[in-house]
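Asker: what's the 3D shape of this:
(2 chains)
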Amino acid sequence: MTDFVHSTPGGDSAREDLQRPSALRQWMSYMRRDKKALFGLIVLGVLIFSAVFAHWLSPYDPNAMDFSMMLKPSLQHPLGTDDLGRDLLSRLLHGTQISLFVGISTVILGMSAGVTLGVVAGYFGKWVDTIIMRYVDLQWAFPNFIIAVYLVAVFGTGLANVIIAISLAYIDDFARVARGMVLTIKQEQYIAAAHTLGASDNRVMWRHILPNAMAPIIVQATVSVSYAILAEAGLSFLGLGVGSDTPTWGLILADSRSFISRAWWLGVFPGLFIMITVLSINFLGDALRDMLDVREVTDAH
Amino acid sequence: MTGYLLRRSVGAILVMWAVATLVFFMLRAVPGDPIAAMLFDVGDADAIAALKAKLGLDQPVYVQYVKWFLLVLQGDLGNSIYGSRIEVSRIVMEALPRTLSLASLAFVIAIVIAVPAGLISAIRKHSALDNMVTVFAFLGLAMPDFWLGIMLIIIFAANLHWLPAIGYAPLSQGFWPWFSHLILPAIAVGTPFAAIIARMIRSSMLEVLNSDYINVANAKGLKKLRVILVHAFPNALIPVVTVMGIAIALLMAGAVVVENVFAIKGLGRVLIEGILNRDYPVVQGAILVVSTIFVFANLAVDVLYTVIDPRIRYDS
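Answerer: Numbering: from 1, shown residues only, chains lettered A, B, ... in the order given. The predicted structure follows:
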């Protein structure tokens, strides 16, 4: 898995350099070798597809109630129905939308804020670094999920608040990764060259340093998407999520708690959806870590 | 060592102060004023004004802060705004042993599973056992702990009737009642933790087993088991201990959710009920206690780190 190298084998002629496989080809050959990554990619593709087309793919309206309550999985209802006669598959497919949307949007927001803080802290150093990192270290001492729970307690529930709460909870992770990279890259010759040529601080930070710091940030972002999906499911499960009229995986699971002894499918399938999603993203994250040659990022919360 | 301990302890206390301050001001700075919203449910405008005056909410925020902080220092976290207005410190102190029981049992279970699993998969690299451990580790990390809890209830409580599905029994009622109530939630909380530890032990063991001194030990003809357990394992533990702080945080976060699945009235249940009831003194109190546990767990891990790795000296 780790034997993939970017360099061209032997020879130093320009011709061989021309034959170097394109990034896409390298990537495809990597995927062929790493079955886990391929699995992750396919599953994630299916999930994104079903999230986008949930409305057309769902056999029923996710909120339509009727008298076909607590039906076992069957041809009519592939994953069964819940206590109000709603089709579980349709609800879970719609839940995919929320989960992926929250997972991706929180990481984009958290990454933007965290990376900005980290780059600024690492680049300017001195008191700027001290102030930013004191805060980041403070947040680092707490599990992201607890921070998210507290922020939802403060802001209130609802889609926007949940997204804000989870993304704020991830700022410290990104700030630390970005700052670490900036501290190394800052010492490089080409940065000194850029300064000599009169590039402004802004230009050096965002045009010269950031692009070279992206590899570990991308890996961190991938891992964070799966944690954000787990966090959203956890919040929904606790009743601190998007709202009681939106079918999310966590909420479906929470609603099913009173019936699980009679209707196992209500407990099993929502969790399987969450697990497979998180698993496939983690596989992709591991593959990216190998491909981009990033040392293990310590991230466990 | 003493100097280092002192500095770290002062640091921990400063962090606690910062957290308490953040918690206090965040609840008050938010648009919509949750405290007013909460009082709104109670009665008309006069009643609100009276209650505000009674709770000291008509005073400037900084005065409230100083008063609140002085009380917190004395262990007074205020009163719940519901029912018989029980003291928050009492609610929290009743909940604390439950959460600590759950987290410690989860810790023990996770270590008991993860250490042998990690060792075996490092020693028998790429064997069927190693692959199995890897698969379980991936699943353990991807599985939501609350879902695992529900699955365990379905299997062991609802179908097999081996264990109680919900609730808690204190240790004073005997070991078995305590253990039988806690084992399922502890497995749910401990699984992701076990997955992380097993993977870390595997990778750090592999690194250590490749080092020269292990080759020497093997060349001397020492027994294989001795080399692994006495020579390699202690050194392989060092990177594991460094992530212990994060891991404890993970256990606590897991306990907060899983307590809600198993209806154990620990800190997590208290916190979530407080949020759902908008009982802010309770929320504040629970968050403060949870934070204190993190900060001091991290401190303990740092100290442990110096003990386990004598190369590290913090007295510079």
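Asker: burial count for residue B:308?
Answerer: Using other CB atoms under 10 Å in any protein chain shown, residue B:308 is surrounded by 15 other residues. C-betas here are computed from N, CA, C, even on glycine.
Asker: pretty sure it is in contact with residue B:236, am I right?
Answerer: No - using CB atoms under 8 Å, residue B:308 is not in contact with residue B:236; the gap is 11.3 Å.
Asker: Residue 152: what's it in contact with?
Answerer: Defaulting to chain A. A:161, A:162, A:165, A:235, A:240, B:275 (CB atoms under 8 Å, 6 or more residues apart in numbering or on different chains).
Asker: ah, I was thinking of chain B
Answerer: B:184, B:187, B:188.
Asker: Tell me the helix or strand right after the helix or strand hosting it.
Answerer: Residue B:152 is part of helix B:145-152 when elements are defined by DSSP states H and E. Per DSSP H and E, the first helix or strand lying C-terminal to helix B:145-152 is helix B:175-209.
Asker: just checking, next helix/strand downstream of that next one?
Answerer: Next along from helix B:175-209, by DSSP H and E: helix B:212-219.
Asker: hmm, who's touching that following helix?
Answerer: Contact with helix B:212-219 is made by B:208, B:224, B:227, B:231, B:232, as judged by CB under 8 Å, 6+ apart.
Asker: okay, now the residue of the stretch 151-300 of chain A found nearest chain B: neighbour count?
Answerer: Nearest residue of the stretch 151-300 of chain A to chain B, counting by CB to the nearest CB: residue A:271, 3.3 Å away. Residue A:271 has 23 neighbours, counted by other CB under 10 Å.
Asker: what sits against the residue lying closest to it once chain neighbours are set aside?
Answerer: Of all residues not flanking residue A:271 in the chain, residue B:147 sits nearest, at 3.3 Å (CB to CB, 6 or more residues apart in numbering or on different chains). Residue B:147 sits next to A:253, A:267, A:270, A:271, A:274, A:275 when contact means CB under 8 Å, 6+ apart.
Asker: just checking, the fourth one touches residue B:150?
Answerer: It refers to residue A:271. Yes - using CB under 8 Å, residue A:271 makes contact with residue B:150 at a distance of 7.1 Å.
Asker: Overlap of the contact sets of these two?
Answerer: With CB under 8 Å, 6+ apart as the test, residue A:271 and residue B:150 both reach residue A:253.
Asker: Phi, psi for the closest residue to residue A:246 other than its chain neighbours please.
Answerer: What sits nearest to residue A:246 in space, not counting adjacent residues and going by CB to CB, 6+ apart, is residue A:98, at 6.2 Å. For residue A:98, the backbone dihedrals (degrees, to the nearest 10) come out as phi -60, psi -50.
Asker: re earlier: from residue B:281, how far off is the residue nearest to residue A:271?
Answerer: Using CB to CB, to the nearest Å, one gets 32 Å for the distance from residue B:147 to residue B:281.
Asker: On the three-state scheme, residue A:243 is what?
Answerer: What DSSP: H, G, I helix; E, B strand; the rest coil gives for residue A:243 is coil.
Asker: pLDDT score assigned to the closest residue to it other than its chain neighbours?
Answerer: Counting by CB to CB, 6+ apart, residue A:243 lies nearest to residue A:158, which is 5.9 Å off, once chain neighbours are set aside. pLDDT for residue A:158: 87.
Asker: tell me which helix or strand of the chain sits lowest on mean pLDDT?
Answerer: Using chain A. When the helices and strands of chain A are scored by mean pLDDT, DSSP states H and E, helix A:14-18 comes last with a mean of 51.
Asker: ah, I was thinking of chain B
Answerer: For chain B, counting by mean pLDDT, DSSP H and E, helix B:34-40 ranks last in confidence among helices and strands (a mean of 56).
Asker: Low-confidence regions, the chain specifically.
Answerer: In the absence of a named chain, chain A is used. A:1-21, A:69-70, A:85, A:294-301 (pLDDT under 70).
Asker: wrong chain, I was asking about chain B
Answerer: For chain B, applying pLDDT under 70 flags the ranges B:1, B:29-45, B:47-48, B:51-52, B:54-57, B:83, B:309-316.
Asker: Of all residues in it, which one is nearest the centre?
Answerer: residue B:252 (1.9 Å; CA atoms, centre = their mean).
Asker: can you map out the helices along the chain?
Answerer: The chain I'm using is chain A. Under the criterion DSSP state H, chain A contains helices at A:14-18, A:23-33, A:35-52, A:54-57, A:88-124, A:126-140, A:144-155, A:159-169, A:171-185, A:189-196, A:201-203, A:210-237, A:249-256, A:264-291.
Asker: wrong chain, I was asking about chain B
Answerer: Taking DSSP H, the helices of chain B run over residues B:2-29, B:34-40, B:45-55, B:61-73, B:88-123, B:128-142, B:145-152, B:175-209, B:212-219, B:224-226, B:233-242, B:244-261, B:267-276, B:280-308.
Asker: Would you mind giving those helices as CSV with distance to residue A:291 added?
Answerer: Compiled in CSV, those are given as follows (distance: least, CB to CB, whole Å):
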stretch, distance to residue A:291
helix B:2-29, 38
helix B:34-40, 46
helix B:45-55, 58
helix B:61-73, 50
helix B:88-123, 24
helix B:128-142, 18
helix B:145-152, 30
helix B:175-209, 18
helix B:212-219, 31
helix B:224-226, 36
helix B:233-242, 24
helix B:244-261, 25
helix B:267-276, 38
helix B:280-308, 33
